[in-house]
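Engineer: structure, please.
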Amino acid sequence: MLRRFATTSVAVATVLCALLLYLHTTTLQSRRNSDLWRSDQHSHIEFARKATETRFAYTGDRNFMPLFAFLQAALNSPELDDEAFFERGKQINIWLSIVAIACLGIIFYKKFSRLYTFYAISTIGFLAFAFKAPFFQPEVLYYTLFSCAFILSVETLFAPKWYKSVAVGALFALAYYTKASALPSIGIFSASYAILLFAKSYHRQLNREKVAGIFFQALAPLVMFFVLLFPYFHESKIDYGKYFYNVNTSIYMWMDSWREAKAVRAEIGGEAGFIHLPDDEIPSLQNYLRKHSVEQIFERLRNGSHAMITSGCLSQSSMHFYGYCSQVALGIIVFCVFLPVLLRRFRREKLRHLNIYCYIGLFFTVNALGAFWYTPISGPGPRIILALLIPFFWTLGLVLHSKAIQDLRLQLFGYQIKLPNLLLVFLCSTLFYEIIQVATWRAAEMYGGK
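Structural biologist: The predicted structure follows:
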C-alpha cells in the first residue's frame, strides 16, 4: 500500500513538473510569436470571425479547412479586437495542446510501457507541440486527429472490428476538416485490404464469408468518411466545380514556387479566380506532367527533402531546429539495428501481417513525399512533415514492444537486462538534453510558425 502511494505520488509530481515546464516553454514561444499577420494567422482569425458572424454557415474559400476556425469561434470572444482575439486564441490552442498530449499519453500508456510512454510523449510535447501550440494555426489539432486516425487504423488492421473501421473513417474525416492533406491516407488504409485478400488467398484461408468481411472492413471507413464530408464536398462542387477542390492540394502543389503562386493569384484576383481559367492554364497534375520531365520531378523531391532536412535537422542556426530530429534519427537507428530480427519474424509469419506492413510503409512514404513535394510552396519549415512525428513514435513503440524484440537480453555486470529497456534509458538521456535546450533558449528565439 505504501509502495503504491509512493509510486503514485512520484508519477503525479512528475506530471505536474512536466506541465509547469511545458507552460513555461509555450509562454516563451508565445512571446516570440507576437505578429498576428505572420504565417497566415490573421487569415485564420478572419475565418473564425466570419464563422461566428454567419453562425457557422461560412466554411471558407477552400484555402483553409473549417474545423479549427469553428473551434476558435466557439471558444473565443467575437467582441475582442484582433490583437486580443489573437492572444486569447493562442491560449486556447495551448490548452488544447495539453488536452491532446494527455489523450495521447493515455493511448500510449494503454499500449506501451511507462518508460516508453514517458519518452514518446515528452518528445512530442516539448520538441513539437511546444513550438506549434502558441499560434493561431490548426497544426496541433490536425496532428492529434491525424495521428489518432493512424493509430486506430493500425490497431484495426491487427484486430478488425466493424466499429473500429467506422471510427477510422470518422477520425480521418475530422482530420480532413482540419487540413485537406489527410485525404490520401484514408485511401491507403482501404487499399491495404486488397493486400489482405492476397495474403489470405496465399494461405488458402478465403471463403465467401471472409471475402465479404474484408470488403466491409475496406468500405466502412470510406463510407463514414464521405458521409461526414458530403455537405462540404457538395458545397465545393456547387461553388468551385469539384468535390475535392482545395486551393492547396488542387492548385498550389502543382506550381514550381510560392512566388509563382502569388503572382498568378494576384493576376486572377485571389484563390477563386483559378476556377475561371481555361483548363490548359489551371495548375493540375496533368498540366504539370505535360510541362515537366521525370528528371525535374525527381529533382524537386530531392531539393525538397534536402531543404527540409537541412533546415530542421542539420543547421543549428536554423529557425526550425526544434530538436526532434535527433530523436527521430536515433529511432531510425534502433529500427535498423532490430531489422534482422524483424525480418526473421516476417519470414516465419508467411505474409500473415503483410497488409499492415504495407499500410505503414505506404503511409509514411506517401506523406513524406508529399511534404517534400510541397516544400517549394510552403518553405523548408517542418509544419507538414511533423504530422508524421506521432505515427513514427507509435510505430517505433510497436517495434520495441514486439515479442521478438522484448525477448532480446544483454548480460551486463552479471545481470540480464532487456535490450529495449537499455536503449530506452539511453534515448531518455538524449531527450533530456534536447528539452533543456528548448526550455532555456530555443523556445525564446526560434519561430515555430513555419
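
Engineer: center of the chain - which residue?
Structural biologist: Ala387 (2.0 Å; C-alpha atoms, centre = their mean).

Engineer: residues in contact with it?
Structural biologist: Tyr142, Tyr143, Phe146, Ser147, Ser181, Asn367, Ala371 (C-beta atoms under 8 Å, 6 or more residues apart in numbering). C-beta here means a position set from N, CA and C on the backbone, and glycine is covered the same way.

Engineer: check Pro221 too.
Structural biologist: Per C-beta under 8 Å, 6+ apart, neighbours of Pro221: Ser153, Ser165, Val166, Val168, Gly169, Phe172, Ile186, Phe189, Ser190.

Engineer: which among those gets closest to Thr26?
Structural biologist: Phe172 (28.0 Å; C-beta to C-beta).

Engineer: could you say which helix or strand holds the closest one?
Structural biologist: Assigned by DSSP states H and E, Phe172 falls within helix 162-178.

Engineer: show residues contacting that helix.
Structural biologist: Contacts for helix 162-178 (C-beta under 8 Å, 6+ apart): 65-68, 138, 141-142, 145-146, 148-149, 152-153, 155-156, 182-183, 185-186, 189, 216-217, 220-225, 228-229, 232.

Engineer: mind redoing it with 6 Å?
Structural biologist: 65, 67-68, 138, 141-142, 145-146, 148-149, 152-153, 156, 182-183, 186, 217, 220-221, 224-225, 228-229 (C-beta atoms under 6 Å, 6 or more residues apart in numbering).

Engineer: what's the pLDDT at Tyr202?
Structural biologist: Confidence at Tyr202, expressed as pLDDT, is 67.

Engineer: that should have said Phe215, apologies.
Structural biologist: 87.

Engineer: am I right that it sits in a strand?
Structural biologist: No: under DSSP: H, G, I helix; E, B strand; the rest coil, Phe215 sits outside any strand and is assigned helix.

Engineer: next one: stretch 153-172 to chain centre, how far?
Structural biologist: 18 Å (C-alpha atoms, centre = their mean, to the nearest Å).

Engineer: scratch that, stretch 169-181
Structural biologist: Taking mean C-alpha positions (C-alpha atoms, centre = their mean), stretch 169-181 and its chain are 11 Å apart.

Engineer: and for stretch 226-233?
Structural biologist: With C-alpha atoms, centre = their mean, you get 22 Å for stretch 226-233.

Engineer: and stretch 219-229, by the same measure?
Structural biologist: 20 Å.

Engineer: and that stretch, C-alpha only, in CSV?
Structural biologist: The C-alpha trace of stretch 219-229 is given here as CSV (Å, rounded to 0.1, in the frame of the first residue of the first chain):
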residue,chain,number,x,y,z
LEU,A,219,-15.6,0.1,-47.5
ALA,A,220,-16.9,1.0,-44.0
PRO,A,221,-14.3,3.7,-43.3
LEU,A,222,-14.7,5.2,-46.8
VAL,A,223,-18.5,5.3,-46.4
MET,A,224,-18.2,7.1,-43.0
PHE,A,225,-15.6,9.5,-44.4
PHE,A,226,-17.7,10.6,-47.3
VAL,A,227,-21.0,10.7,-45.3
LEU,A,228,-19.4,13.1,-42.8
LEU,A,229,-17.8,15.2,-45.5
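
Engineer: partner strands of the lowest-mean-pLDDT helix or strand in the chain, with direction?
Structural biologist: Lowest on mean pLDDT, DSSP states H and E among the helices and strands of the chain sits strand 409-412, with a mean of 77. Partners of strand 409-412 in the sheet, by DSSP bridges, are strand 415-418 (antiparallel).

Engineer: contacts for the next helix or strand after the partner strand?
Structural biologist: Downstream of strand 415-418, the first helix or strand assigned by DSSP H and E is helix 419-437. With contact meaning C-beta under 6 Å, 6+ apart, helix 419-437 is reached by Leu115, Tyr116, Tyr119, Thr123, Phe126, Gly323, Leu330, Val334, Leu400, Ile405, Leu408, Leu410.

Engineer: what do you get for stretch 360-379?
Structural biologist: So stretch 360-379 is contacted by 184, 188, 252-253, 257-258, 301, 304-305, 307-308, 384-385, 388, 395, 450 (C-beta under 6 Å, 6+ apart).

Engineer: from those residues, which is closest to Ala272?
Structural biologist: Distances from Ala272 to these, taken by C-beta to C-beta, are shortest for Tyr252, at 13.8 Å.

Engineer: just the element for Leu96, please.
Structural biologist: Counting by DSSP H and E, Leu96 is part of helix 82-111.

Engineer: for that helix, list every residue counted as buried.
Structural biologist: By 16 or more other C-beta atoms under 10 Å, the buried positions in helix 82-111 come out as 85-94, 96-98, 100-101, 104-105, 107-108.

Engineer: just stretch 363-377 next, same as before
Structural biologist: Neighbour-count burial for stretch 363-377 [16+ other C-beta under 10 Å]: Phe363, Asn367, Ala368, Gly370, Ala371, Phe372, Trp373, Tyr374, Thr375, Pro376, Ile377.

Engineer: again with stretch 309-317
Structural biologist: Buried, per 16+ other C-beta under 10 Å, within stretch 309-317: Ile309, Ser311, Gly312, Cys313.

Engineer: what's the first-to-last distance across it?
Structural biologist: One end of stretch 309-317 to the other measures 13 Å (C-alpha to C-alpha, to the nearest Å).

Engineer: which residues sit against that stretch?
Structural biologist: Ser318, His320, Cys325, Pro380, Pro382.

Engineer: quick one: which of the residues you listed is most hemmed in?
Structural biologist: When neighbours are counted by other C-beta atoms under 10 Å, Pro382 leads those with 27 neighbours.

Engineer: that one sits in which helix or strand?
Structural biologist: Pro382 belongs to no helix or strand, assigned by DSSP H and E.

Engineer: skipping adjacent residues, who's closest to it in space?
Structural biologist: Gly312 (4.8 Å; C-beta to C-beta, 6 or more residues apart in numbering).

Engineer: filter the contacts of Ala387 down to the ones in strands?
Structural biologist: Per DSSP state E, strands hold no members of the contacts of Ala387.

Engineer: next step: these restricted to helices.
Structural biologist: Tyr142, Tyr143, Phe146, Ser147, Asn367, Ala371 (DSSP state H).
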